[in-house]
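A.B. asks: Pasted the sequence and its predicted model underneath.
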Amino acid sequence: MSNMRKNPNQNAFSLIELLAAITVLAVLGAIVSQMIGATNQAIRISTSKIDATSQARLAFSRIERDILQILKRDDADALFTNATSPTSGDEVLKFFSAVTSEDRAVASPNRGMSLVGYLVGGHTNTGGKLCLQRGAVAIHYSDVGFMGLTNSGSPILFTDALSSVPNLNPVGNDYDVLAEGVFRVWISFQLNPQEADGSGNISVGQIHTTSSPSDRAANGNVYVNPPVRRPSTTGSYFVNFDALSSIVVGLVAIDLESKKLLSTTQLDSVATAFGNLSDGQLPVEQWGPIADNSSNFTGIPLAATKSIRVYQRSFPITPAWASNSQL
């Protein structure tokens, strides 16, 4: 047997082979990294959407419960309006509803109904950032002068009622955070095909939608002011529930993690980007494209703008004459 010496470098990798292997591993690593990054991004977007949707669902659910029990009576007024600006903190809904609320320190029994209000504004529990808030005050049998008819046949207006019984008005601490992720709200009103004229009669072809009304065709159209009526030419205008088909509520929401990226000023700026609507315009149609275009939000983190979403829901109003009962 021949005695052959083995070359110690015979089984080693050459430099070219090592470089090739490193290149392949680097490419594979980059591909895996991109896949993981894309997966994490998809998870974040999905989680963001779920959170924002849950905020909107929470708001819609509470609004629905209150509107289902709204008092549609000729001697009860309601406040249906929109805030003067997205950051003004004005009340957008205020009405009497047959829902219970936290009782006040009053010896008189509770009537089983409340004065309910909604607004978007800063709250101490959110660090002063905009959020949807709900307030409600229980009404007692000792509370008088907030409902009823005046000599002209009109109901006592909200402004007069709350002057007579100021404790009924939900203010300050009466308002709690309902949906922290909701920072913009718009209220519109879809009218019945049958319409009300200024005398309060049901007629075809006319509708009054402001306190200084002009005749308008309803036909199921959407308006930014509710239909109103008055029993006489000298009476005050009040909400005409018989001419109201549904209340359309539009919300702009953001998930809570993305909201943390925004300062109070930045969130105000984002809310302002969603301008006021006009007659015939729906929130999803007008605000949806704004939310989808990040260039509409100057100086706002991209991660936050990508998490803004618009929601809309209609709440049917059953006419008073079709309701089973009214308190």
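C.D. replies: Perfect, I can see it now.
A.B. asks: Could you report the separation of residue 245 from residue 318?
C.D. replies: Going from residue 245 to residue 318 by CB to CB, to the nearest Å gives 10 Å. For glycine as for every other residue, the C-beta is placed from the backbone atoms N, C-alpha and C.
A.B. asks: Show me which of those two is the more surrounded one.
C.D. replies: Neighbour count, other CB atoms under 10 Å: between residue 245 and residue 318, residue 245 has more, with 21 against 14.
A.B. asks: what is the closest residue to residue 237 other than its chain neighbours paired to in the beta sheet?
C.D. replies: Counting by CB to CB, 6 or more residues apart in numbering, residue 237 lies nearest to residue 228, which is 4.1 Å off, once chain neighbours are set aside. The residues listed as beta-bridge partners of residue 228 by DSSP bridges are residue 239.
A.B. asks: ok, residue 297 - how many residues close by?
C.D. replies: If you count neighbours by other CB under 10 Å, residue 297 ends up with 19.
A.B. asks: burial of the closest residue to it other than its chain neighbours, as a residue count?
C.D. replies: Counting by CB to CB, 6+ apart, residue 297 lies nearest to residue 305, which is 4.7 Å off, once chain neighbours are set aside. Residues lying near residue 305 (other CB under 10 Å) number 21.
A.B. asks: Same check on residue 33?
C.D. replies: Using other CB under 10 Å, residue 33 has 10 neighbouring residues.
A.B. asks: average pLDDT across the helix or strand harbouring it?
C.D. replies: Using DSSP states H and E, residue 33 sits within helix 15-68. Confidence for helix 15-68, expressed as mean pLDDT, is 82.
A.B. asks: repeat for stretch 167-179
C.D. replies: Average pLDDT, stretch 167-179: 84.
A.B. asks: Give me the contacts around that stretch.
C.D. replies: 55-56, 58-59, 62, 94, 104, 115-119, 123, 125-126, 131-137, 139, 143, 146, 161-162, 251, 253 (CB atoms under 8 Å, 6 or more residues apart in numbering).
A.B. asks: measure that stretch end to end?
C.D. replies: Using CA to CA, to the nearest Å, one end of stretch 167-179 lies 25 Å from the other.
A.B. asks: swap in stretch 140-157?
C.D. replies: 19 Å.
A.B. asks: returning to that earlier point: from the contact counts, what lies against the helix holding residue 33?
C.D. replies: strand 91-97, strand 175-179, strand 182-191, strand 244-254, helix 256-259, strand 308-316 (3 or more CB pairs under 8 Å, 6 or more residues apart in numbering; DSSP states H and E).
A.B. asks: try 6 Å this time
C.D. replies: Secondary-structure packing of helix 15-68 (3 or more CB pairs under 6 Å, 6 or more residues apart in numbering; DSSP states H and E): strand 175-179, strand 244-254, strand 308-316.
A.B. asks: Which among those is found nearest to residue 72?
C.D. replies: Closest of the helices and strands packed on helix 15-68 to residue 72 is strand 244-254, at 8.9 Å (criterion: CB to CB).
A.B. asks: Find out how far the closest one is from the centre of the chain, if you would.
C.D. replies: 6 Å (CA atoms, centre = their mean, to the nearest Å).
A.B. asks: How about exporting it as CSV, limited to the C-alpha atoms?
C.D. replies: This file holds the C-alpha atoms of strand 244-254, laid out as CSV (Å, rounded to 0.1, in the frame of the first residue of the first chain):
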residue,chain,number,x,y,z
LEU,A,244,-88.4,62.7,10.1
SER,A,245,-87.6,59.3,8.6
SER,A,246,-84.2,58.7,10.3
ILE,A,247,-81.3,60.4,11.9
VAL,A,248,-78.0,59.8,10.0
VAL,A,249,-74.9,59.8,12.3
GLY,A,250,-71.4,60.0,10.8
LEU,A,251,-68.3,59.3,12.9
VAL,A,252,-64.6,59.7,12.4
ALA,A,253,-62.6,57.4,14.6
ILE,A,254,-59.0,56.3,15.2
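A.B. asks: Just checking: what are the partner strands of it?
C.D. replies: Going by DSSP bridges, the partners of strand 244-254 are strand 182-191 (antiparallel), strand 308-316 (antiparallel).
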